[in-house]
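**Q** the sequence isn't on hand, but the structure is:
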């Protein structure tokens, strides 16, 4: 077990993993910046159409990580670790993050409508609040719920495992 | 991190960093960093180093009392 024949240098492996992690951050950043650039350059409808590849890649990467996290029970471990160290629950924290992203999107769409489609100041204000309100309902609530559901399930599983562990003791 | 006693044990056994590194299947740089306390090895590597140097975990890695 400890002979280490044919094993790789753990420090090198750890450093390589660190580089892969940084590479992933870089890929996420480049894809996100590309989407933002296309939204700004081509507007909301055509921007989405021209950023299909970037959006698909982000979705694919997210889906892959969700599947891997699920298989390795990482969500459960993360929930347990987070709840042990913080006052706010892991699911609540994720819901807040999802809600804030939704709020950001709603603000972005509201500002975009006010700036690009209104002719007068009064119309700008009306368009902003109208689009912001509708976008908030469309994005904020579902994003908050979607972000919170997996951590909430993970918390339940962590609690179940904890109770099982306690009963075994 | 406190400097451990790997270097002293290695010198006592008249092994070079490279030779010890070859024995435990890591790079010389890893041994060097462990000796100066800049890399915390896993328990598996600690045990492999202990075996190569004929020492116990306590003798090499347990921090000395203040």
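**A** Everything's here; your move. Model, not experiment: these values are computed from the prediction.
**Q** now the strands: where do they sit in chain B?
**A** Counting by DSSP state E, chain B has no strands at all.
**Q** shaky segments in it?
**A** Residue ranges of chain B with pLDDT under 70: B:1-3, B:65-66.
**Q** switch to 90 and redo it
**A** Counting by pLDDT under 90, the ranges of chain B that qualify are B:1-4, B:37, B:62-66.
**Q** which bits of it sit near chain A?
**A** B:24-27, B:29-30, B:33, B:39, B:41-42, B:44-45, B:47-48, B:51 (CB under 8 Å from any CB of the partner chain). The way it works is simple: take the backbone N, C-alpha and C, and place the C-beta from them, glycine included.
**Q** hmm, which of the residues you listed are the buried ones?
**A** By neighbour count, with 16 or more other CB atoms under 10 Å in any protein chain shown, the residues of chain B next to chain A hold B:24, B:25, B:26, B:30, B:33, B:39, B:41, B:45, B:47, B:48 as buried.
**Q** farthest-separated two in these?
**A** B:33 and B:47 (17.9 Å; CB to CB).
**Q** most residues in a single helix of chain A, which one?
**A** helix A:10-42 (DSSP state H).
**Q** starting at the chain centroid, how far to that one?
**A** 14 Å (CA atoms, centre = their mean, to the nearest Å).
**Q** what do you get for stretch A:99-113?
**A** 16 Å.
**Q** what average pLDDT does that stretch get?
**A** In this model, stretch A:99-113 carries a mean pLDDT of 92.
**Q** quick one: the strands in chain A?
**A** Under DSSP E, chain A gives no strands.
**Q** run the chain-centre distance for stretch B:8-27.
**A** 8 Å.
**Q** do the same with stretch A:156-167
**A** 27 Å.
**Q** would you mark the buried spots in that stretch?
**A** residue A:158.
**Q** who touches that stretch?
**A** The contact list for stretch A:156-167, computed with CB atoms under 8 Å, 6 or more residues apart in numbering or on different chains, reads A:73, A:75, A:76, A:77, A:79, A:80, A:83.
**Q** and with 6 Å instead?
**A** A:76, A:79, A:80 (CB atoms under 6 Å, 6 or more residues apart in numbering or on different chains).
**Q** give me the distance between residue A:109 and residue A:84.
**A** To residue A:84, residue A:109 is 38 Å away according to CB to CB, to the nearest Å.
**Q** neighbour-wise, which of these two wins?
**A** For residue A:109 versus residue A:84, the count of surrounding residues by other CB atoms under 10 Å in any protein chain shown is larger for residue A:109: 20 against 9.
**Q** chain center to the helix of greatest length in chain B, what's the gap?
**A** Longest helix in chain B, counting residues (DSSP H): helix B:43-53. Between the centre of helix B:43-53 and the centre of its host chain there is 7 Å, according to CA atoms, centre = their mean.
**Q** what helices and strands are in contact with that helix?
**A** helix B:57-61 (3 or more CB pairs under 6 Å, 6 or more residues apart in numbering or on different chains; DSSP states H and E).
**Q** swap in 10 Å and give it another go.
**A** helix A:10-42, helix B:6-12, helix B:17-23, helix B:28-35, helix B:57-61 (3 or more CB pairs under 10 Å, 6 or more residues apart in numbering or on different chains; DSSP states H and E).
**Q** and for it, what's in contact with it?
**A** A:1-5, A:7, A:9-11, B:4-6, B:8-10, B:12-13, B:15, B:19-26, B:30-31, B:34, B:39-42, B:55-61 (CB atoms under 10 Å, 6 or more residues apart in numbering or on different chains).
**Q** what sits against residue B:18?
**A** The contact partners of residue B:18, by CB under 10 Å, 6+ apart, come to B:27, B:28, B:31, B:32.
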